[in-house]
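**Q** return atomic coordinates for the entry below.
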Amino acid sequence: MTHSHDEDPACEVAHSDPPKTETGRTLVAVFASPMAGHLLRFGAELGFRPVLLEPDPGRALDGFPAVSEPGDFLDGTADVVLTDHHREEIGPVLRDLLKSPARWIGIMGSPRHTGPHVQALTELGVPPEEIARVHRPVGLNIGSRTPAEIALATLAGLIADRNGRPGGFHF
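**A** Numbering: from 1, shown residues only. A predicted model of the protein is given here:
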C-alpha cells in the first residue's frame, strides 16, 4: 500500500521542514536559571516570543537579554513561568505579575509540598482567589527530572492549553 503525504497535513510536516510558525504568544521565563534557558530556546523554536524577566541585573542567560521589571510584554498573550521557587523575590514578583493581564502564570515545584509562593503572597495581602491563579506544578506529568525535561513538559502543557487539549495521550 502506498501512502501519499499530500493527504495528511501531519505527515507533510513529518516529511518536510515547515516554516517556523509565529503563535502570537509570549513566553516569559522569570529568573535566570538552567530551566529558563531551555524553556526560552525551546519556546522560540515553537513560535513563542521569548522574554527573560530577571529582577537581579547581575544575572543573565546567554542569548536572552533580561528585562528587570514587568512591562508591555505581559499582555493577554503572555504565558509566564517562574523557573526558581527558592528566590526571595517570589512574593513581590508574583504579586506584580498577578496585576498584569498575563493569560497564564505558573511556578515550578513539587505538588507534594505547598509552594513557598502561597505564604509569601498571603503575607503581602494577596487574596486567596488571586493566589489560586498561580498554576503549580507546571507542565505535563512525564516524570521530568532535568531542567531540559522540565522545560519540555512545561511547553507541552502550554501547547496543549493553547490548542484547547488536555495533554497526555488522550485524543
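**Q** going by C-alpha atoms from here, please, whenever you check contacts or count neighbours.
**A** OK.
**Q** SS state for Asp161?
**A** Three-state assignment for Asp161 (DSSP: H, G, I helix; E, B strand; the rest coil): helix.
**Q** how about it: what's its closest non-neighbour residue?
**A** Excluding the flanking residues, the one nearest Asp161 by Cα to Cα, 6 or more residues apart in numbering is Gly167, at 7.7 Å.
**Q** check Gly106 too.
**A** Spatially, and ignoring its direct neighbours in sequence, Gly106 is nearest to His135 (4.2 Å; Cα to Cα, 6+ apart).
**Q** now do the same for the one you found: its pLDDT.
**A** His135 is assigned 91 on the pLDDT scale.
**Q** before we move on, what about Ser68?
**A** 94.
**Q** quick check: phi and psi on it?
**A** Ser68 adopts backbone torsions of phi -100, psi -10, taken as degrees, to the nearest 10.
**Q** now swap in Phe73 and tell me
**A** Phe73 adopts backbone torsions of phi -70, psi -20, taken as degrees, to the nearest 10.
**Q** could you find the closest non-adjacent residue to it?
**A** The shortest distance from Phe73 to any non-neighbouring residue, by Cα to Cα, 6+ apart, is to Thr26 (7.2 Å).
**Q** how many residues are close by that neighbour?
**A** Neighbourhood size, Thr26 [other Cα atoms under 10 Å]: 24.
**Q** that one reaches Arg49, doesn't it?
**A** Yes - if you go by Cα atoms under 8 Å, Thr26 and Arg49 touch, sitting 4.5 Å apart.
**Q** relative to Val67, how far out is Arg165?
**A** 32 Å (Cα to Cα, to the nearest Å).
**Q** can you check Gly109 too?
**A** The value you get for Gly109 to Val67, if Cα to Cα is used, is 24 Å.
**Q** neighbour count winner among these two?
**A** Set Gly109 next to Val67 and count neighbours by other Cα under 10 Å: Gly109 wins out with 19 against 16.
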